[in-house]
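Colleague: Attaching a predicted model along with its sequence, questions to come.
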Amino acid sequence: ALPDDAQPDDAQPDDAQPDDAQPDDTPVDNQVPDVDVPTPICTSLEIEDCPYTGDPATLNVGPCKAGTRQCAADGLSWGVCTGEVLPAISDVCTDSVDNDCNGTVNDGYDDGAAGCFCMPATLHDCYTGPVGTLDVGICHAGQQQCNTQGTGYGVCGGEQKPLPAEICGNGDDDNCNNQTDESIDADGDGYGTCGGDCCDSTAQCANPELVNPGAVEVEGDGIDNDCNGTTDEDPRTNCSSGAKFSGTTALNLVNGMDICKVSTGGSWGIVGTPTLTKADGTGPACLEQECLDTDQWGDCTSWGACIKYSPDNLQIALMEQFGTDASNVRIYGGNMATLSSGRARDANDPNATADDTYTYANGTPPADFTAPHGGLPTTKSGCPNGSGANDSVMLTVQLKVPTNALSFSFNFRFFSQEYTNYTCDAYNDFFIAMLYTGASGIPADKNISFAPDGSYISVNSTAFFTVCSPKTGYTCPDGTAALNGTGYGTQYEDPDGLLGKGGGTKWLSTTAPVVPGETITLKFVIWDTTDQLLDSLVLIDNFKWSAQGTSGPVTFECWDLNKNGTCDVASEDQSGDGVCNERDC
């Protein structure tokens, strides 16, 4: 036997080929394995988990899981990954699932709502008003409904928050401050929001302290100054019309001057009852009584009613026009007030002014007027002093000043029978207007109507007394037309046998300062000085308040708006007639 590795001499290696052996000529495509057949990547129909595309920390937390995929039947591909569950943005409040896969079901909400404020569709009390106002006054909570996701509540509906301001007079605490119908006066003007103040702060108007029911309307400023619901209306009313020559009262005269509004509830206007007295404040005194019975000697033993007073009713009147000249027509409203030391009449009126004198009663001037002078001053420097205040009339009225008024003005026209024979004399009559006010700049004697040289309104006011026939010291540039029909242009014989005529001024305007909201007293006084002869008369009209101030009282011809003594600008022709005259007031 031969060893295992011994081979017979004729033995051949395993890979030895017989000499006649040939290579395998089988076609390559038929060789096994075929290199064109894909290699399977998975077991047919095998199922496995897909890679998880969410945050790895959320995998298999709550509903979050990876998806699965299945191997194709031929093992060559995987199908689409399905069934993956990723975290929701937030928990859904309608289930009990940890939808956001953070490890807490519904994020711990007691009622099972996941990370939510509320359970869907549930109602919750709500209030968005200021702290401390809930359940105060009209303020109460409303309700809001949870949305369908439970992530929050909707709009708070049905609540009542404080109103911006109290609704006055309804008995409710509308601004929920534990006060009912209270009046707030934020601007300190004395008028509250429940007192009719339509502007109490700068959020409503630029100057709230000047806008309230106590203010006077300022025409043209576009503001409802007096809070009456109307803007830029004329604040005056025509409360008096027609002539009145009997039974004339102090209030009639005040109304004739266009002072109509009565102060009520703290508003501006007439305070109390105007009065008519003699210049010294006394009266009216009875000058003549009706005799009911006489004795055998004809002396009266029984007296009836007083039939004549001082001041006499003949000394006052309401007129539409004085005389016949158009310049003497009332300026505003239906008539004008007239005061006289004689008869307040023209040549065509009942009890007409056709003589040179009417006598009523002796008396003294207002004490407040004479006290600073130590007696009755002269009407003009250089003229003699007279004495007394005879046949006098004093109209007194108290007025509450509007809260936005800084001044007032009125127009007047003065006539006197003393012109021809008695200028610069102790007999010359006075017209004064006395103002009692807290404003500065008022003269010590209270008189606010005076000529540019400081002289009192009388026949001696040469700067103003320009309606006349010329004589020494008087050029009379305005002629005598304004005297027509007045009784003051008619030639008369005075008690000394001298022939004379009267004269007068143009319409003049007095402006004087006041303190807003104060109560002033005005006294209009006319009288005969020293004697009771040769009378004077004054027309007063067109009283009005102004929001413009003045440093002190001033009197000027009423068309001279810039007060320079000359009619020199177009605005001084307010009537638009092309002529600058006293009607341009």
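Modeller: Done, it's in.

Colleague: This protein: helices as residue ranges?
Modeller: Under the criterion DSSP state H, the chain contains helices at 250-256, 367-370.

Colleague: Contacts for the shortest one, please.
Modeller: Contacting residues not belonging to helix 367-370 are listed as 280-281, 364, 376-377, 432, 434, 445-447, 525 [Cβ atoms under 8 Å, 6 or more residues apart in numbering]. C-beta coordinates here come from the backbone N, C-alpha and C atoms, glycine included.

Colleague: now with 7 Å?
Modeller: The contact list for helix 367-370 (Cβ atoms under 7 Å, 6 or more residues apart in numbering) reads 376, 432, 434, 445-447.

Colleague: re earlier: just name the most buried of the helices of the chain.
Modeller: helix 250-256 (a mean of 23; mean count of other Cβ atoms under 10 Å).

Colleague: Show me how far that one is from its chain's centre.
Modeller: Helix 250-256 has its C-alpha centroid displaced from the chain centroid by 29 Å (Cα atoms, centre = their mean, to the nearest Å).

Colleague: The residue nearest to Gly150 when sequence neighbours are not counted: how many residues sit nearby?
Modeller: With Cβ to Cβ, 6 or more residues apart in numbering as the criterion, Gly150 has its nearest non-adjacent residue at 2.7 Å, and that residue is Cys93. Using other Cβ atoms under 10 Å, Cys93 is surrounded by 27 other residues.

Colleague: Report the separation between Cys93 and Cys118.
Modeller: Counting by Cβ to Cβ, to the nearest Å, the gap between Cys93 and Cys118 amounts to 8 Å.

Colleague: Over to Asn390?
Modeller: 96 Å.

Colleague: Please apply the same query to Thr237.
Modeller: Thr237 is 64 Å from Cys118, by Cβ to Cβ.

Colleague: higher neighbour count, those two?
Modeller: Neighbour count, other Cβ under 10 Å: between Thr237 and Cys118, Cys118 has more, with 21 against 12.

Colleague: My read is that the more buried one contacts Gln145, right?
Modeller: No - Cys118 lies out of contact with Gln145 (Cβ atoms under 7 Å); the separation is 8.6 Å.

Colleague: dump the residue contacts of Arg235.
Modeller: Small correction: residue 235 is Pro, not Arg. 216-217.

Colleague: The one 4 residues further on now?
Modeller: Cys239 makes contact with 255, 260 under the criterion Cβ under 7 Å, 6+ apart.

Colleague: do the same with Asn177
Modeller: Counting by Cβ under 7 Å, 6+ apart, Asn177 has no contacts.

Colleague: How much space separates it from Gln160?
Modeller: 14 Å.

Colleague: One more: Asp55?
Modeller: 48 Å.

Colleague: want to try a markdown table for the helices of the chain, with distance to Cys71 and mean pLDDT as columns?
Modeller: Formatted as a markdown table, the helices of the chain follow (distance: least, Cβ to Cβ, whole Å; pLDDT from 0 to 100):
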| stretch | distance to Cys71 | mean pLDDT |
| --- | --- | --- |
| helix 250-256 | 114 | 95 |
| helix 367-370 | 124 | 97 |
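
Colleague: So which of those is nearest Cys580?
Modeller: With Cβ to Cβ, the closest approach to Cys580 among those belongs to helix 250-256: 26.6 Å.

Colleague: Which strands or helices does the closest one pack on?
Modeller: With contacts defined as 3 or more Cβ pairs under 7 Å, 6 or more residues apart in numbering; DSSP states H and E, helix 250-256 has these neighbours: strand 269-277, strand 316-319, strand 336-340, strand 390-400.

Colleague: Mean neighbour count, those: which tops it?
Modeller: strand 336-340 (a mean of 28).

Colleague: neighbouring contacts of that one?
Modeller: 253, 256-257, 315-319, 330, 344, 393, 395, 524, 526, 535-541.

Colleague: quick one on the thing from earlier: and for Cys93 and Cys118, which residues touch both?
Modeller: In contact with both Cys93 and Cys118: Gly150, using Cβ under 7 Å, 6+ apart.

Colleague: Enumerate every residue touching the closest residue to Leu522 other than its chain neighbours.
Modeller: Once flanking residues are discounted, Leu522 sits nearest to Val397: 5.4 Å by Cβ to Cβ, 6+ apart. Going by Cβ under 7 Å, 6+ apart, Val397 touches 254, 259, 270, 274, 522.

Colleague: so who does Lys161 touch?
Modeller: Lys161 touches 128-129, 139, counting by Cβ under 7 Å, 6+ apart.

Colleague: For Ala186, see how far away it is.
Modeller: Remark: distance between Lys161 and Ala186 (Cβ to Cβ) = 20 Å.

Colleague: Could you do Ser263 as well?
Modeller: Taking Cβ to Cβ, one finds Ser263 at 24 Å from Ala186.

Colleague: Next: Asn225.
Modeller: 18 Å.

Colleague: Tell me which of these two has more neighbours.
Modeller: Neighbours per residue (other Cβ under 10 Å) separate Asn225 from Ala186, with Asn225 holding more: 29 against 16.

Colleague: is it true that the more buried one touches Val218?
Modeller: Yes - the criterion here is Cβ under 7 Å, and Asn225 meets it with Val218 at 5.2 Å.

Colleague: Adding neighbour count and pLDDT, write the contacts of helix 367-370 out as TSV.
Modeller: Shown next, in TSV, are the contacts of helix 367-370 (neighbours: other Cβ atoms under 10 Å; pLDDT from 0 to 100):
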residue	neighbour count	pLDDT
Leu376	20	97
Ile432	24	98
Met434	21	98
Asp445	19	98
Lys446	21	98
Asn447	25	98
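
Colleague: Just the ones of these in strands?
Modeller: Judged by DSSP state E, strands contain the following of those: 432, 434.

Colleague: so which of the contacts of helix 367-370 comes closest to Thr230?
Modeller: Looking across the contacts of helix 367-370 and measuring by Cβ to Cβ, the closest to Thr230 is Met434, at 34.4 Å.

Colleague: I'd assumed Phe450 was in contact with that closest one.
Modeller: No - assessed by Cβ under 7 Å, Met434 is found out of contact with Phe450, at 11.7 Å.
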